[in-house]
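>>> how does the following fold in three dimensions:
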Amino acid sequence: MVVLFDTLSSIIALVLAMVTRFIGFSHVLRPYPRDHSLYNSLFFLVVILNIFSWNHHRKKTVSLDKQDPAQRLSAVIKNRMMMFVLILLYLYITMQSLMISRIVMGFFLIYDIILDFIIRTLCARFLKNRKRDDEALHKLIVIANANRLPIIRRRLEIFGSSDIGIVSEISWETLNNTSISHALASLKNAGANEILIDSFNLSSDELLRQFVSISDEIEIPVRRLETSSGEFAGKDQFEPFSNFMTFRYSGMHKRADVLGVHYAISNVPEAVLYVKKHLNSLSGKYLCFSNVHTTITAGENPDYMRVLNESAVTFPDGSPIARTMRSMGISNAHQVAGPDFMEAMFQASMDGSVRHFFYGASESTLEALRQKLTERYPGIVIAGMYSPPYRPLSPEEDEKDVQMINDTNPDIVWVGLGAPKQEKWMNAHMDRVQGVMCGVGAGFDFHAGTVRRAPEWIQRINLEWFYRLLQDPVRLFKRYFITNSKFIFRVVLMRISLKK
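Numbers count the residues shown, from 1 in each chain. As a prediction, the model looks like this:
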């Protein structure tokens, strides 16, 4: 269907471009020879190129109803620009470039982008409406232990859709003291049509069986929340299999070398689950989130390269690095950004299973961070926070900081000193600081709300760097333009050497 709409928009755009030039502007611009056979061949070329483009991208393209407007516009511009370049190349190769109006070609590109975007938007709206009509609205009764209800509600807010609404929340403790049949019947009359139950730590299996039996009698379907040992995982970690939800995660033993830095092959949910399940063995070690800037810095500083590669795990914090890994044939390589890892870990530890310590940033940022975390992630345990002075510490001061951190018995020590300082600090304190250290840089500011992170639609089209550049152009100009240029040049050389 997409290829049909793309082809239709291109044909209409070419007709409109010709009408605009030869009829609309005929009294303003000088007469231009019209070779009808040339323009006729363009129509056929447009059809062929659209079919070729669709066949090339169909397996990689996200369905229209799942794309947001920014993703849709980005896909249209890339697709139309590529086709326009191929048309120009064809005209130059066949020596017909001087025989066609440049104004026609210019208007053709503009019209094609606008029409294709409009048609795709209408198509996406139609698909969403049809999908909404086919799916029943989930009006849930959520039943869980009282201390887990806020966690489940928050998870539904994060991962749920507009088709999900909570009619009522009931704790197992309340059901023990009331008539289950009466409670469920009244909620059904209130409009509930589905029940979501969480049986984690449920003391009585008999209560669960009784509850399911009564639900069946009053004809309300039941969904049992699947967790791994009571731990929430990212939605990508569960896959349907034979009417069950199977759990998977990666041991993250594989590495990929990008310009000398050994990056883990993973994604955010897998990384969070791996770290959470190995907190004891990772205690005293550190994790790095390395981007283009730190990769180039490491290439110019052997000591810093050693620091990155001595970490327990170094994640690719930057889409250019993840894309480079995928271009090396590692299809399952994904960006694991520090702020995204933090958010997923906070979500996964709302059950109080992880103690968090925050080391770095200013006192005002830490206070704002504490307030935001307790609001957004109910149940999270903040073991402590400390803002070190902005100067080198004496050995006595440093030892005092280590003792202060260890006294709080943390599982994770979030370090926000900025790169490369934070990585060097973690390396120097390896096996001295209790808990796994995670260098997350600006993650403190993002989650505290003191610095705004780029909206999700900007992140999806890989322009977060530009958003941050606009926020702090003086400091980030050198990082993004000079180091990014070095990165591109060295990656090209790396690919050439690999081919040899």
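
>>> okay, CA-based contacts and neighbour counts for the rest of this
Fine.

>>> quick one: the strands in the stretch 401-500 of the chain, in order.
412-416, 436-439 (DSSP state E, counting those that start in this stretch).

>>> tell me the most buried of the ones you listed?
Among the strands of the stretch 401-500 of the chain, ranked by average contacts under mean count of other Cα atoms under 10 Å, first place goes to strand 436-439 (a mean of 28).

>>> can you list the residues that contact that one?
Around strand 436-439, the neighbours that count as contacts under Cα atoms under 8 Å, 6 or more residues apart in numbering are 279, 282-289, 338, 411-418, 422-423, 426.

>>> please name the strands paired to it in the sheet, noting orientation.
Here strand 436-439 has these sheet partners by DSSP bridges: strand 286-290 (parallel), strand 412-416 (parallel).

>>> now for residue 447, how many residues are close by?
Applying other Cα atoms under 10 Å, we find 23 residues neighbouring residue 447.

>>> now it, nearest residue through space, not along the chain?
residue 369 (6.2 Å; Cα to Cα, 6 or more residues apart in numbering).

>>> ok, that neighbour - contacts?
Residue 369 neighbours (Cα under 8 Å, 6+ apart): 444, 445, 447, 448, 449.

>>> surely the third one is in contact with residue 372?
Yes. In this structure, residue 447 sits in contact with residue 372. The criterion is Cα atoms under 8 Å, and the distance is 7.2 Å.

>>> contacting residues for residue 442?
Counting by Cα under 8 Å, 6+ apart, residue 442 touches 339, 416, 418.

>>> tabulate those residues (JSON lines), appending distance to residue 354 and pLDDT.
JSON lines is the format used below for the contacts of residue 442 (distance: Cα to Cα, whole Å; pLDDT from 0 to 100):
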{"residue": "339", "distance to residue 354": "17", "pLDDT": "93"}
{"residue": "416", "distance to residue 354": "19", "pLDDT": "93"}
{"residue": "418", "distance to residue 354": "24", "pLDDT": "89"}
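
>>> could you dump those to TSV with distance to residue 154?
Shown next, in TSV, are those (distance: Cα to Cα, whole Å):
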residue	distance to residue 154
339	18
416	26
418	30
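
>>> follow-up on the earlier one: any chance of the strands of the stretch 401-500 of the chain in TSV, with distance to residue 381 too?
Listed next are those as TSV, based on distance: least, Cα to Cα, whole Å:
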stretch	distance to residue 381
strand 412-416	11
strand 436-439	16
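
>>> of all these, which lies closest to residue 486?
Taking Cα to Cα, strand 436-439 is the member of those nearest to residue 486, at 23.9 Å.

>>> re earlier: most neighbours of all the contacts of residue 369, which one?
Counting neighbours by other Cα under 10 Å, residue 444 comes out on top of those with 27 neighbours.

>>> that residue contacts residue 387, doesn't it?
No. Between residue 444 and residue 387 there is no contact, the gap being 11.4 Å when judged by Cα under 8 Å.

>>> which residues in the protein form strands?
138-144, 164-171, 194-197, 222-224, 238-241, 244-247, 255-258, 261-264, 286-290, 313-316, 355-360, 381-386, 412-416, 436-439 (DSSP state E).

>>> which of these has the lowest mean pLDDT?
Lowest mean pLDDT within the strands of the chain: strand 244-247, a mean of 47.

>>> got the residue ranges for the helices in the stretch 351-500 of the chain?
363-376, 395-407, 421-428, 443-448, 456-460, 464-471, 473-477, 484-499 (DSSP state H, counting those that start in this stretch).

>>> how far out from the middle of the chain is the fifth one?
Mean C-alpha position of helix 456-460 versus that of the full chain (Cα atoms, centre = their mean, to the nearest Å) differs by 8 Å.

>>> what's stretch 167-186 in contact with?
Here stretch 167-186 makes contact (Cα under 8 Å, 6+ apart) with 139-146, 149, 187, 190-192, 202, 211, 214-215, 218.

>>> which elements pack onto the longest helix along the chain?
If each helix of the chain is counted by residues according to DSSP state H, the longest one is helix 102-134. Using 3 or more Cα pairs under 8 Å, 6 or more residues apart in numbering; DSSP states H and E, the elements in contact with helix 102-134 are helix 2-19, helix 69-93.

>>> how does this structure divide into domains?
When the chain is parsed with automatic domain parsing, its domains come out as 2-133, 138-226, 255-458.

>>> and these: which comes nearest residue 468?
domain 255-458 (7.3 Å).

>>> OK, contacts around the nearest residue to residue 451 once chain neighbours are set aside?
With Cα to Cα, 6+ apart as the criterion, residue 451 has its nearest non-adjacent residue at 5.3 Å, and that residue is residue 445. When the contact criterion is Cα under 8 Å, 6+ apart, the partners of residue 445 are 361, 365, 369, 451, 452.

>>> repeat that for residue 43.
Contacts of residue 43 (Cα under 8 Å, 6+ apart): 11, 14.

>>> then residue 383?
355, 356, 357, 408, 409, 410.

>>> how does it look with 7 Å?
Taking Cα atoms under 7 Å, 6 or more residues apart in numbering, we find residue 383 in contact with 355, 356, 357, 408, 410.

>>> any idea how far it lies from residue 143?
30 Å (Cα to Cα, to the nearest Å).

>>> quick one, grab the pLDDT at residue 92.
78.

>>> now swap in the one 3 residues further on and tell me
The predicted local distance difference test score for residue 95 is 74.

>>> and for residue 425?
96.

>>> near it, how many other residues are there?
16.

>>> which residues touch it?
By Cα under 7 Å, 6+ apart, residue 425 has no neighbours at all.

>>> how near is it to residue 432?
11 Å.

>>> check residue 214 too.
With Cα to Cα as the criterion, residue 214 and residue 432 are 56 Å apart.

>>> again, but for residue 96
Separation of residue 96 from residue 432 (Cα to Cα) stands at 72 Å.

>>> in terms of neighbours, single out the busier of the two.
Set residue 96 next to residue 432 and count neighbours by other Cα under 10 Å: residue 432 wins out with 16 against 12.

>>> the more buried one against residue 283, yeah?
No. Residue 432 sits out of contact with residue 283 when judged by Cα atoms under 7 Å, with a separation of 9.5 Å.

>>> now tabulate the contacts of residue 383 in JSON lines and tack on distance to residue 115 and neighbour count.
Formatted as JSON lines, the contacts of residue 383 follow (distance: Cα to Cα, whole Å; neighbours: other Cα atoms under 10 Å):
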{"residue": "355", "distance to residue 115": "53", "neighbour count": "18"}
{"residue": "356", "distance to residue 115": "51", "neighbour count": "24"}
{"residue": "357", "distance to residue 115": "52", "neighbour count": "23"}
{"residue": "408", "distance to residue 115": "60", "neighbour count": "16"}
{"residue": "410", "distance to residue 115": "56", "neighbour count": "24"}
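
>>> quick one: low-confidence parts of the stretch 251-400 of the chain?
251-253 (pLDDT under 70).

>>> actually, the stretch 101-250 of the chain.
Ranges of the stretch 101-250 of the chain meeting pLDDT under 70: 127-137, 160-163, 176-178, 203-205, 226-250.

>>> again, 80 this time
Along the stretch 101-250 of the chain, the parts satisfying pLDDT under 80 run over 101-104, 124-138, 155-164, 173-180, 199-213, 216-217, 219, 222-250.

>>> returning to what we had before: let me have the strands of the chain in a markdown table, extended by distance to residue 307.
Formatted as a markdown table, those follow (distance: least, Cα to Cα, whole Å):
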| stretch | distance to residue 307 |
| --- | --- |
| strand 138-144 | 45 |
| strand 164-171 | 46 |
| strand 194-197 | 46 |
| strand 222-224 | 45 |
| strand 238-241 | 34 |
| strand 244-247 | 34 |
| strand 255-258 | 15 |
| strand 261-264 | 10 |
| strand 286-290 | 9 |
| strand 313-316 | 10 |
| strand 355-360 | 19 |
| strand 381-386 | 24 |
| strand 412-416 | 15 |
| strand 436-439 | 12 |
